[in-house]
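Enquirer: got a sequence here, can you build the structure:
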Amino acid sequence: MTTSTSSHKIQLDQMDPHALKAWIKAQALALGFADCVIAQPDAQAELPRIQEYLDRGYHGDMIFLAENLEKRANPALLVPGTKSIICVRMNYLVETPKPRYVPYEPNAAIIARYARGRDYHKVMRGRLKTLAIQIKAKVGEFESRPFADSAPIFEKSLAESAGMGWTGKHTLLIHKKSGSFFVLGELFTSLDLPFDSPTTAHCGSCTACIDICPTKAIVEPYMLDARKCIAYLTIEYQGIIPIELRRGIGNRVFGCDDCQLICPWNGFAQKATIDDFNPRYDLDTVSLLDLWQWDEVTFLARTEGSPLRRTGYQSFMRNVAIGLGNAPYSAQILEQLKLKREAQSQLVQVHIDWAIQEQNMKQ
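Expert: Have a look, this model is predicted:
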């Protein structure tokens, strides 16, 4: 770790660690984070669960989840000298949804709410760097490194261990007063800070998320088969989507919020405090046919600095084709599917042919 100067060392040693922790949390909230907790750099307890998940093959093509398990379990192996981890979360809802309700909008192109604005990863890391600078100005030099879904880290496990919430049956983190519509970030530090304690779980006997899942991806409480999950299929997966899952995908072209929308705890969901999550290019109201007109140049232009880039143009059009197949019968949809077929890749054509067949069946 970086050696502190003697004057800074005295300053840090003389500071009450609990007072410093409270001050850090206040700075984090002032920077726009919705919450801040201090976690112990130890996620060993997560290993049995992830190993069972991997053994079942539920990770699909996400082979990175099986890599660096030692570093995931012991953050000090990822960043040597780490003594405490500052965990933060950022709300991303622009509008509070109607409680326990999944809207039916068959001709709309549904994009997960976190992905409708700017890519949050840069925003999160930037503000964590600012937090580190503020702490250094107060206590002197220390080692730190910010992360936002960008390294082998059990993010949710660390945040949960420090009381940011509990893991719901849909496997997402839930906060009692804020629901689950938030993203996580971490600042690994060499500071000796008091750790926060875990909270209690409050899902009880509720199975709303399990029941609502369109593809039955939540195979049992707290266990998700990514190979059936719409978020995985429409974002991470690059291949031909199994026929038996296409109708369940409906009109969701990038991710899925259904298990969160139906969760009673999201009746307490808080709205975003930064503009970066505001929808761009009307991605909160865009139709399937609107997106179907995008060529690759348009896709690249309108997804610059956006999470949508992750899926790539071909997979994105594959998803839109499935949405058009699932839409109510429309002569215009049928015409547009046929019109653009030859210009698309073989991957997309497979799904166009299915969509045409589905539309024809509804005539």
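Enquirer: switch to C-alpha atoms for all contacts and neighbour counts from now on
Expert: Noted.
Enquirer: for the helix or strand Leu131 falls within, could you pull out the residues that count as buried?
Expert: For Leu131, the host element (DSSP states H and E) is helix 120-139. Using 16 or more other C-alpha atoms under 10 Å as the burial criterion, the residues of helix 120-139 that qualify are Tyr120, His121, Met124, Arg125, Arg127, Leu128, Lys129, Leu131, Ala132, Ile135, Val139.
Enquirer: grab the nearest non-local neighbour of the second one.
Expert: Residue nearest to His121 in three dimensions, not counting chain neighbours: Ala148, with 5.5 Å by C-alpha to C-alpha, 6 or more residues apart in numbering.
Enquirer: correct me if wrong: that neighbour contacts Gly185.
Expert: Yes. If you go by C-alpha atoms under 8 Å, Ala148 and Gly185 touch, sitting 4.5 Å apart.
Enquirer: in terms of neighbours, single out the busier of the two.
Expert: Neighbours were counted for Ala148 and for Gly185 using other C-alpha atoms under 10 Å; Gly185 has more, 26 against 22.
Enquirer: and the more buried one, which of the three is it?
Expert: Gly185 carries the three-state label strand when classified by DSSP: H, G, I helix; E, B strand; the rest coil.
Enquirer: hang on, the earlier thing: need the contact list for the residue nearest to His121.
Expert: His121, Met124, Arg125, Leu184, Gly185, Glu186 (C-alpha atoms under 8 Å, 6 or more residues apart in numbering).
Enquirer: before we move on, the earlier item: which one of the buried residues of helix 120-139 sits closest to Thr215?
Expert: Here the nearest of the buried residues of helix 120-139 to Thr215, counting by C-alpha to C-alpha, is Tyr120; it sits at 27.2 Å.
Enquirer: can you pull the contacts of Asn326?
Expert: Counting by C-alpha under 8 Å, 6+ apart, Asn326 has contacts Pro106, Arg247, Gly250, Asn251, Ala355, Glu358, Gln359.
Enquirer: what pLDDT does Ile10 get?
Expert: On pLDDT, Ile10 comes in at 43.
Enquirer: ok, the contacts of Ala148 vs Ala321, which is closest?
Expert: So of the contacts of Ala148, ranked by how close each gets to Ala321 (C-alpha to C-alpha), first place is His121, at 28.5 Å.
Enquirer: doesn't Asp149 make contact with that closest one?
Expert: Yes. In this structure, His121 is within contact of Asp149 by C-alpha under 8 Å, at 7.3 Å.
Enquirer: lowest-confidence one in the contacts of Asn326?
Expert: Scoring the contacts of Asn326 by pLDDT puts Pro106 last, at 93.
Enquirer: helix or strand: which one has that one?
Expert: Short version: Pro106 belongs to no helix or strand, going by DSSP H and E.
Enquirer: pop out the phi and psi values for it.
Expert: Reported as degrees, to the nearest 10, the phi and psi values for Pro106 are phi -60, psi -20.
Enquirer: likewise for Asn91?
Expert: phi -70, psi 150.
Enquirer: how many other residues sit next to the nearest residue to it once chain neighbours are set aside?
Expert: In this structure, Asn91 finds its nearest non-sequential neighbour in Phe182, 4.2 Å apart by C-alpha to C-alpha, 6+ apart. A count of nearby residues for Phe182, using other C-alpha under 10 Å, gives 22.
Enquirer: the strands in the stretch 251-363 of the chain, which residues?
Expert: Taking DSSP state E, counting those that start in this stretch as the test, the strands found in the stretch 251-363 of the chain are 252-254.
Enquirer: ranges for the helices of it?
Expert: For the stretch 251-363 of the chain, the helices defined by DSSP state H, counting those that start in this stretch cover 258-261, 288-292, 296-302, 313-326, 331-340, 346-361.
Enquirer: residue ranges in the protein under the pLDDT threshold?
Expert: 1-13 (pLDDT under 70).
Enquirer: contact partners for the spatially most central residue of it?
Expert: Closest residue to the average C-alpha location of the chain: Val183 at 6.0 Å, with C-alpha atoms, centre = their mean. Taking C-alpha under 8 Å, 6+ apart, we find Val183 in contact with Arg89, Met90, Asn91, Tyr92.
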